[in-house]
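Take a look and give me a structure for this.
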Amino acid sequence: MSIELWTWNTPNGRKISVALEEMGLPYSVHPVNISKGEQFNPDFLAFSPNNRIPAIKDSDGPGGQPIGVFESGAILLYLGQKTGKFWPSDLRAQVPVLEWLMWQMGGFGPMPGQVHHFLTVENPADQKYGLERYSQETRRLYGVADRRLAQVEFFAGDVSIADFAILGWVWRHERHMVDLAEFPHVKRWYETMMARPATKCGMEIALS
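Next comes the predicted model:
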């Protein structure tokens with residue numbers, strides 16, 4: 001039985017394709033073309049009520065019963081707990097995984113996402129404040145990540161679902177107008193992650 005991944009080629013979508021590949025789970029991709037508004041289709045809203053990708057359907061859910069999961073952070077936690085992979089069993093070891101996963105969900109995603117938005121604003125007067133504000137905050141977050149990775153090899157010590165979450169957004173660093181050479185520890189981590197065969201597959205599989 002395979003997991004259905006309903007998604008599009010975005011940072012949040014790539015988090016899950018990478019996790020599925022790294023965990024060795026069989027899955028099928030169901031593209032949701034967000035440029036055409038397919039995320040508002042009733043069949044998708046039935047299990048992703050916030051009309052956002054990604055979402056999954058697992059026919060072999062808890063107790064052998066099907067389940068749908070939306071929100072990329074929730075999906076990563078679900079998959080980690082389902083497989084026991086990239087999610088430690090020890091509570092103390094879980095704390096940094098949760099900290100860095102929430103850091104990504106609450107900041108290192110929404111902030112660079114706003115950079116993406118304001119880069120598309122054509123009127124310079126409308127663009128200026130937003131682009132400056134969110135670019136500054138995005139760079140601050142890269143600095144936070146760089147300081148963390150100066151201390152540890154991966155965000156939670158060992159490779160975890162937190163790394164998959166963050167990777168999806170660092171993958172777009174050029175679009176954030178960020179040169180990774182300015183953040184050498186992030187650069188080292190990014191190149192290490194992208195060299196992992198399963199991660200490479202998760203980044204290359206067609207999602208759109």
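
all strands for this protein, in order.
With DSSP state E as the criterion, the chain has strands at 3-7, 27-31, 55-58, 67-70.

All the helices of the chain, residue numbers only.
Per DSSP state H, the chain carries helices over the ranges 11-23, 42-45, 72-83, 91-106, 110-119, 124-149, 161-170, 184-194, 197-204.

Which of the residues in stretch 107-116 are classified as buried?
Buried positions in stretch 107-116, judged by neighbour count with 16 or more other Cβ atoms under 10 Å: 107-109, 111-115. Heads up, the C-betas are built off the backbone N, CA and C, glycines and all.

How about stretch 42-54?
For stretch 42-54, by 16+ other Cβ under 10 Å, it's 44, 47-48, 51-54.

what would these look like in CSV with distance to residue 19?
Listed next are the buried residues of stretch 42-54 as CSV, based on distance: Cβ to Cβ, whole Å:
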residue, distance to residue 19
44, 20
47, 18
48, 17
51, 22
52, 17
53, 15
54, 10
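
closest to residue 80 among the residues you listed?
Minimum distance to residue 80 across those is 15.3 Å, recorded for residue 54 (Cβ to Cβ).

who wins for proximity to residue 184 among the strands of the chain?
Comparing the strands of the chain under Cβ to Cβ, the one sitting nearest is strand 3-7, at 31.5 Å.

Residues in contact with the closest one: which ones?
Residues from elsewhere that reach strand 3-7 (Cβ atoms under 8 Å, 6 or more residues apart in numbering): 13, 16-17, 20, 25-32, 44, 48, 53-59, 207.

Could you pull up the residues touching residue 177?
Shown in contact with residue 177 (Cβ under 8 Å, 6+ apart): 115, 135.

Backbone dihedrals for it, please?
phi 60, psi 40 (degrees, to the nearest 10).

Please report how far the residue at the greatest distance from the centre of the chain lies from residue 170.
The C-alpha centroid of the chain is most remote from residue 125, which lies 31.5 Å away (Cα atoms, centre = their mean). Distance of residue 125 to residue 170, given as Cβ to Cβ, to the nearest Å: 31 Å.
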